[in-house]
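> Predicted model and sequence below, questions to follow.
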Protein chains: 4
Amino acid sequence: MASAPATRRPVSRARAVATSRFDRRLAEIVSHATEVFCEKGYEGASMRDLSRASGMSLAGLYYYFESKERLLFLIQKHTFTTIVQRLKSRLEGVNDPEQQIRIFILNHLEYFLANPASMKVLSHEAEALKNGFASEVAAIKREYYRICVGLLDDLKRARGLQFSTRIAVLSLFGMMNWIYTWHNSRVDADAEQLADEMSDIFLRGVMTGGKVRR
Amino acid sequence: MASAPATRRPVSRARAVATSRFDRRLAEIVSHATEVFCEKGYEGASMRDLSRASGMSLAGLYYYFESKERLLFLIQKHTFTTIVQRLKSRLEGVNDPEQQIRIFILNHLEYFLANPASMKVLSHEAEALKNGFASEVAAIKREYYRICVGLLDDLKRARGLQFSTRIAVLSLFGMMNWIYTWHNSRVDADAEQLADEMSDIFLRGVMTGGKVRR
Amino acid sequence: MASAPATRRPVSRARAVATSRFDRRLAEIVSHATEVFCEKGYEGASMRDLSRASGMSLAGLYYYFESKERLLFLIQKHTFTTIVQRLKSRLEGVNDPEQQIRIFILNHLEYFLANPASMKVLSHEAEALKNGFASEVAAIKREYYRICVGLLDDLKRARGLQFSTRIAVLSLFGMMNWIYTWHNSRVDADAEQLADEMSDIFLRGVMTGGKVRR
Amino acid sequence: MASAPATRRPVSRARAVATSRFDRRLAEIVSHATEVFCEKGYEGASMRDLSRASGMSLAGLYYYFESKERLLFLIQKHTFTTIVQRLKSRLEGVNDPEQQIRIFILNHLEYFLANPASMKVLSHEAEALKNGFASEVAAIKREYYRICVGLLDDLKRARGLQFSTRIAVLSLFGMMNWIYTWHNSRVDADAEQLADEMSDIFLRGVMTGGKVRR
DNA sequence: TATGAATGAGTGTTCATTCAT
DNA sequence: TATGAATGAACACTCATTCAT
């Protein structure tokens, strides 16, 4: 897979977790940009909007990233990477497939509701990236998708179920990702409850009937 | 609700069903525009793209609609209206709530797979319209949503079920509308089978467990 | 040879010499641009300078040509083509090599002094064009160069002379093209006299001594 | 004549010929800049290009010179001064005008071929400097020109020739300076031979015929 | 001695739209 | 019914330069 163009600065030579001033400033900008992209869309947001939102001059922004597209890339990559990381650590030590899928859904929705702007930008601007940027994000996405497929296949095997994994997984992603179009924090339930309800619908839907004939 | 700005040629001098030359030409343009908006997104598509795609001069397009935004509006309104119309006629004479919901899903997916570009533009560009245009489309959307809510409430009542209608409906819409991000006609099943599988997942998910305690 | 991108409009279907309104307007712009490029250099001239000089809005210019580079290309191509055309017609019917070279020099200098801005842009911005544009101009330049080489080789043969044609030709071009750096119409002689003096220096220089040993 | 703005560090605390660390570092930068200006042109080269080429930070460059324009000035002044110095020392003790002119040409071409980038920047960017910078370089150029005029006038007097000194001198400069547009070290002769050939053409051209009538 | 961080002004180009014809 | 010609505003991005450190 083609890797994205390197950032203009070498990797921070500091120990472990330490973040440089540069990295912190970049993170601030990325955060503002996420809000702007969320509100106006990637195409609809102008660099001037980002400049205004972050309180930095138009030209100043380019010290931190070399193109608007790379900024979107940074948002998407960071978001996806974080979700996958958290999922992996949460999945550790859990063996029951049903429980694992519940964790998958909870992890997704918790992150979603805690970072709605990031998740909208991830979901809604999936096609905006091109070439190297696109493929790098696509690789993480594929990994995430594969994990979900794995969990469902485990469930099928363990319970002797019969259904199309592909359609089940993509339906689940649809249920979850569509949230950005309707979730209203003043009206709707929190992540935990939402995850419960969606897990119930999905798991019952998938586990009821459709047994393999022996 | 604020109504959208009137078209420049509201006087339809033709009787009843007959479509004028104007209407037919406009329909062609709308059709080309749908493809372009689907491929490049509403913001990403330029009037020059539309001119090229439809083979009409840039200025010529403005004889048929007075702004790019109105063009998007026409696409969305027509798409939504058609889906609702077909749904209503299909629902006539059917009384079983489960059957009705299966019809709802089939109707949605059939239209989706038969008009993928229209449906992507409807799903993906939901926020692009503003003010009058937005509210007119929102009204149809709300009607469509209400129908689905009604069907689910009927189901709940008929079967003594207990779940959040709002979340169930929005999950269902998520499953269905997300299709535009993944459906591949060379790989995936046709509308009927897809509708069956999604209906199974959704209805089993919603109908299993969760009975009202009496 | 790669041909330059086509202009945005089809070739005028009018008879022979007739120029369309579009072509005339484009010619005006090209003329203004030549002056601006001459004064500020290609890189140093901005599209805004061209807009000001031609009295047309910045965006309006782009209706006539699709890039600043293409504008330079148009100038260079037209200038070179015209010189070569005139040269060919003047050379017809002349057989004496010395006379032919005198005509070559006169033709060059007459055009030069009559169109000093064009010629400076041709001479000074020879490296500014890239890829297809560059190669198309280079082709005409090569033809022009070849003609001169041919005349000098004829002279050598006819008079039994011995010298490096390449260096002679390029020295001659140097003498002639350098004019843009110094010619002052209020001080310096006109094209005819200048051509005489340069022809004398060059031809005597090349024809004196250096006979082939027989 | 207005003198160019003083450098930021006019105090040379070193004795006589010794070059300070500052001067050596500056010379390196000037050398890299010459290559960059040669390749991209003065307007076309950015400070970032210079930073990259010299391996010094953008801001660091400004410690050595206060503007891009002054850098070009330094290049041109140094180049011109060196040529004139060498010429003067070579001309010492030579009395024959023809021989002197041959030395003039040889000196010019030797420096040209040994420092092609410098000479291209000198020849091609003659108009890029403004005001004080421009006039200081112009002064050296005028001196150089006057020397050549002097030599030719001597020749005319000594041999009783009749021709326009101005045109002869400027033609000679043209022949010589144009070299940067065509010289290819893998194909073309070295400086000595080139100087011989150009000297032959020029001197024969100027010395043949055109005697003063007595 | 040198740089990281920042900026205002400017770059070439494209935008949706208009209007006389 | 349709277009050629034109525009003001905006676009993403780069420029030479500065200044605290």
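It's in. Note that this is a predicted model, so its numbers are computed, not measured.
> My guess is A:Met176 contacts A:Leu109. True?
Yes: contact criterion C-beta atoms under 8 Å: A:Met176 and A:Leu109 qualify, at 6.4 Å. C-beta: built from backbone N, CA, C; applies to glycine.
> For the two, list the residues in contact with both.
Contact criterion C-beta atoms under 8 Å, 6 or more residues apart in numbering or on different chains; residues bridging A:Met176 and A:Leu109 by contacting each: A:Met198.
> distance of A:Asp200 from A:Cys148?
17 Å (C-beta to C-beta, to the nearest Å).
> name the element A:Thr81 belongs to?
helix A:68-91 (DSSP states H and E).
> buried residues in that helix?
A:68-77, A:79-80, A:83-84, A:87, A:91 (16 or more other C-beta atoms under 10 Å in any protein chain shown).
> mean confidence for that helix?
Mean pLDDT, helix A:68-91: 98.
> quick one: the next helix or strand after that helix to helix A:68-91, angle?
Per DSSP H and E, the first helix or strand lying C-terminal to helix A:68-91 is helix A:97-114. The directions of helix A:97-114 and helix A:68-91 differ by 140 degrees, with axes from the mean of the first three to the mean of the last three C-alpha atoms, to 10 degrees as the criterion.
> on that earlier part again, does DNA strand F sit close to the helix holding A:Thr81?
Yes: counting by C-beta under 7 Å from any atom of the strand, DNA strand F is contacted by helix A:68-91 at A:68-69.
> So what touches that helix?
Residues contacting helix A:68-91 (C-beta under 8 Å, 6+ apart): A:4-5, A:26, A:29-30, A:33-34, A:37, A:42, A:47, A:50, A:65, A:100, A:103-104, A:107-108, A:111, A:115, A:118-119, A:121-122, A:125, A:128-130, A:133, A:136-137, A:140-141, A:143-144, A:147.
> how far out from the middle of the chain is it?
6 Å (C-alpha atoms, centre = their mean, to the nearest Å).
> touching DNA strand E at all, it?
No: Helix A:68-91 stays clear of DNA strand E (C-beta under 7 Å from any atom of the strand), getting no nearer than 12.5 Å.
> For that helix, C-alpha coordinates in PDB please.
Below are the C-alpha coordinates for helix A:68-91, written out as PDB (Å, rounded to 0.1, in the frame of the first residue of the first chain):
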ATOM      1  CA  LYS A  68      -6.300  20.600   2.900                       C
ATOM      2  CA  GLU A  69      -6.500  17.000   1.800                       C
ATOM      3  CA  ARG A  70      -3.700  15.900   4.200                       C
ATOM      4  CA  LEU A  71      -5.600  17.500   7.000                       C
ATOM      5  CA  LEU A  72      -8.600  15.400   6.300                       C
ATOM      6  CA  PHE A  73      -6.300  12.400   6.100                       C
ATOM      7  CA  LEU A  74      -4.900  13.200   9.500                       C
ATOM      8  CA  ILE A  75      -8.400  13.400  11.000                       C
ATOM      9  CA  GLN A  76      -9.600  10.100   9.400                       C
ATOM     10  CA  LYS A  77      -6.400   8.200  10.100                       C
ATOM     11  CA  HIS A  78      -6.300   9.300  13.800                       C
ATOM     12  CA  THR A  79     -10.000   8.600  14.300                       C
ATOM     13  CA  PHE A  80      -9.900   5.100  12.800                       C
ATOM     14  CA  THR A  81      -6.600   4.100  14.400                       C
ATOM     15  CA  THR A  82      -7.900   5.100  17.800                       C
ATOM     16  CA  ILE A  83     -11.100   3.100  17.400                       C
ATOM     17  CA  VAL A  84      -9.300   0.000  16.300                       C
ATOM     18  CA  GLN A  85      -6.800   0.300  19.100                       C
ATOM     19  CA  ARG A  86      -9.400   0.700  21.800                       C
ATOM     20  CA  LEU A  87     -11.400  -2.200  20.300                       C
ATOM     21  CA  LYS A  88      -8.400  -4.500  20.400                       C
ATOM     22  CA  SER A  89      -7.600  -3.800  24.000                       C
ATOM     23  CA  ARG A  90     -11.300  -4.200  25.000                       C
ATOM     24  CA  LEU A  91     -11.500  -7.500  23.200                       C
END
